[in-house]
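> how would this look folded up:
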Amino acid sequence: MDRATNFVRDGRGRLVAGVDYPRTFQEMDEWFRSDAGCRDYIHRLRWPDGFACPHCGWIGEPWVTSRGLLHCRGCQGQTSLTAGTVFEGTRKPLRMWFLAIWFVTSQKNGVSALGLQRVLGLGSYETAWTWLHKLRRAMVRPDRDCLTGAVEVDETYVGGREEGKYGRGIETKAIVAVAAEKSGRGIGRIRLRRVKDVSSDCLLPFVQNAVAPGSVVHTDGWSGYRGLAAAGYQHQVTVISDGPEPAHEVMPRVHTVASLLKRWLLGTHQGGIQHRHLDYYLDEFTFRFNRRRSRARGLLFHRLAQQAVVVGPIPYRTIIGAADSDRQTPELE
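Residues are numbered from 1 along each chain as shown. Model prediction:
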């Protein structure tokens with residue numbers, strides 16, 4: 001099938017040519033109907049400028065052995081096409097993985113493990129759950145740009161109701177720090193991360209990892225944010241209790257993001273998420289929210305596939321926690 005050249009903007013707003021991706025499910029189905037088509041796409045994603053041997057760095061066209069391994073002409077070493085990727089060691093056809101990536105990125109609100117199991121016809125719930133967690137780990141670029149300009153920062157709480165506990169006095173809920181760029185009257189990009197508590201030891205590192213120095217950071221009067229000015233930020237403080245406006249009007253962006261996050265966790269995943277896995281669901285929500293205006297669903301497929309070949313393999317025991325792997329089972333979504 002002829003593939004049109006698509007021009008898109010990268011994470012820094014620069015126009016990039018030559019990004020090819022299927023624009024519809026029909027195109028995706030045709031491109032990746034065979035294992036060879038999937039392998040070709042992975043090859044181009046891993047080595048867009050030509051094969052580079054992971055052992056010696058030799059650049060050139062490798063031999064392909066009868067077992068499908070890539071044989072370096074420089075050092076005579078061999079490597080698997082999927083080694084060092086999310087797909088490493090998979091026993092399922094690559095086409096099934098590509099269908100999973102398409103299904104995950106084409107659904108506006110995402111998909112639960114039960115939904116993925118049904119649509120792909122996977123034999124076990126654990127396989128679908130594991131695949132989704134592997135893909136979630138590919139949804140964040142390690143070198144992604146920090147938020148800039150004016151940014152609202154606050155915390156929200158995820159979990160069941162605690163009798164007699166309110167606000168920052170909760171004890172069992174997960175605490176999620178939220179940062180949201182101001183984009184006119186709307187919301188730009190966001191960052192989310194689970195934090196241990198609401199002390200400055202936890203909140204300041206979150207801001208430093210999420211927001212570029214020199215930015216305006218708008219928070220409430222909580223003491224955990226007092227070190228922001230010393231850390232190089234323009235700290236704008238609004239003490240909610242001293243004013244007539246409620247918190248959701250003073251800082252509407254972070255409150256909107258928190259509300260949408262909770263609705264998504266309950267609607268798509270029925271709230272069945274254990275705290276130790278929450279960060280990866282936050283990554284998925286961030287991936288979707290920051291690309292909510294994208295008209296090309298195929299480009300989301302391309303971005304996720306692109307990241308899946310660079311994040312590295314994640315074994316099942318690592319995902320659930322090796323120390324407790326014999327006792328733990330995935331939460332039901």
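> phi, psi for V176 please.
Phi and psi for V176, reported as degrees, to the nearest 10, are phi -120, psi 120.
> what residues are bridge-paired with it?
Beta-bridge partners recorded for V176 (DSSP bridges): T156, R194.
> equivalent analysis for the one 10 residues further on, please.
Partner residues in beta bridges with G186: S183, with DSSP bridges as the criterion.
> could you tell me how many residues sit around it?
Applying the criterion other Cβ atoms under 10 Å, we find 11 residues in the vicinity of G186. (Glycine included, C-beta is placed from N, CA and C.)
> tell me the spacing between it and R292.
Computed with Cβ to Cβ, to the nearest Å, the distance linking G186 and R292 is 11 Å.
> same check, this time on T268
Using Cβ to Cβ, T268 is found at 15 Å from R292.
> pick out whichever of the two has more residues nearby.
T268 (20 against 9).
> alpha carbons only: can I get whichever strand or helix holds the more buried one in CSV?
Of the helices and strands defined by DSSP states H and E, T268 is found in helix 252-269. Taking only C-alpha atoms (Å, rounded to 0.1, in the frame of the first residue of the first chain), the coordinates of helix 252-269 have been written out as CSV:
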residue,chain,number,x,y,z
PRO,A,252,-10.1,26.3,38.0
ARG,A,253,-7.6,24.4,35.9
VAL,A,254,-6.2,22.0,38.5
HIS,A,255,-9.7,21.4,39.9
THR,A,256,-11.0,20.6,36.4
VAL,A,257,-8.2,18.2,35.8
ALA,A,258,-8.7,16.5,39.2
SER,A,259,-12.4,16.2,38.5
LEU,A,260,-11.8,14.7,35.0
LEU,A,261,-9.2,12.3,36.4
LYS,A,262,-11.5,10.9,39.1
ARG,A,263,-14.4,10.5,36.5
TRP,A,264,-12.0,8.7,34.2
LEU,A,265,-10.7,6.3,36.9
LEU,A,266,-14.3,5.5,37.9
GLY,A,267,-15.8,5.3,34.4
THR,A,268,-13.1,3.5,32.5
HIS,A,269,-11.5,1.5,35.3
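> can you give me how far it is from the chain middle?
The gap between the average C-alpha position of helix 252-269 and the chain average comes to 16 Å, counting by Cα atoms, centre = their mean, to the nearest Å.
> what are the C-alpha coordinates of the helix or strand following that helix, in PDB please?
The element immediately downstream of helix 252-269 (helix or strand, assigned by DSSP H and E) is helix 278-290. Extracted C-alpha coordinates of helix 278-290, given in PDB (Å, rounded to 0.1, in the frame of the first residue of the first chain):
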ATOM      1  CA  LEU A 278      -1.600   4.500  40.200                       C
ATOM      2  CA  ASP A 279       1.300   6.400  38.700                       C
ATOM      3  CA  TYR A 280       1.000   4.500  35.400                       C
ATOM      4  CA  TYR A 281      -2.700   5.300  35.200                       C
ATOM      5  CA  LEU A 282      -1.800   8.900  35.800                       C
ATOM      6  CA  ASP A 283       0.700   8.600  32.900                       C
ATOM      7  CA  GLU A 284      -2.100   7.300  30.700                       C
ATOM      8  CA  PHE A 285      -4.500  10.100  31.700                       C
ATOM      9  CA  THR A 286      -1.700  12.700  31.000                       C
ATOM     10  CA  PHE A 287      -0.900  11.100  27.600                       C
ATOM     11  CA  ARG A 288      -4.600  11.300  26.600                       C
ATOM     12  CA  PHE A 289      -5.300  14.800  28.100                       C
ATOM     13  CA  ASN A 290      -2.300  16.400  26.500                       C
END
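> any idea how far T85 is from A180?
Here the criterion is Cβ to Cβ. By it, T85 lies 32 Å from A180.
> who has more neighbours out of those two?
Between T85 and A180, counting by other Cβ under 10 Å, A180 is the more crowded of the two (29 against 23).
> got the angle for the helix or strand encompassing the more buried one vs helix 252-269?
Assigned by DSSP H and E, A180 belongs to strand 174-183. Per axes from the mean of the first three to the mean of the last three Cα atoms, to 10 degrees, the angle that strand 174-183 makes with helix 252-269 is 130 degrees.
> quick one: buried residues of strand 174-183?
Within strand 174-183, the residues that qualify as buried by neighbour count (16 or more other Cβ atoms under 10 Å) are A174, I175, V176, A177, V178, A179, A180, E181, K182.
> how far out from the middle of the chain is that strand?
Using Cα atoms, centre = their mean, the distance between the centre of strand 174-183 and that of its chain works out at 15 Å.
> quick one: average pLDDT of that strand?
What strand 174-183 shows for mean pLDDT is 96.
> and that strand, what does it pack against?
Packed against strand 174-183 by the contact rule (3 or more Cβ pairs under 8 Å, 6 or more residues apart in numbering; DSSP states H and E) you find strand 150-158, strand 186-195, helix 200-210, helix 252-269, helix 278-290.
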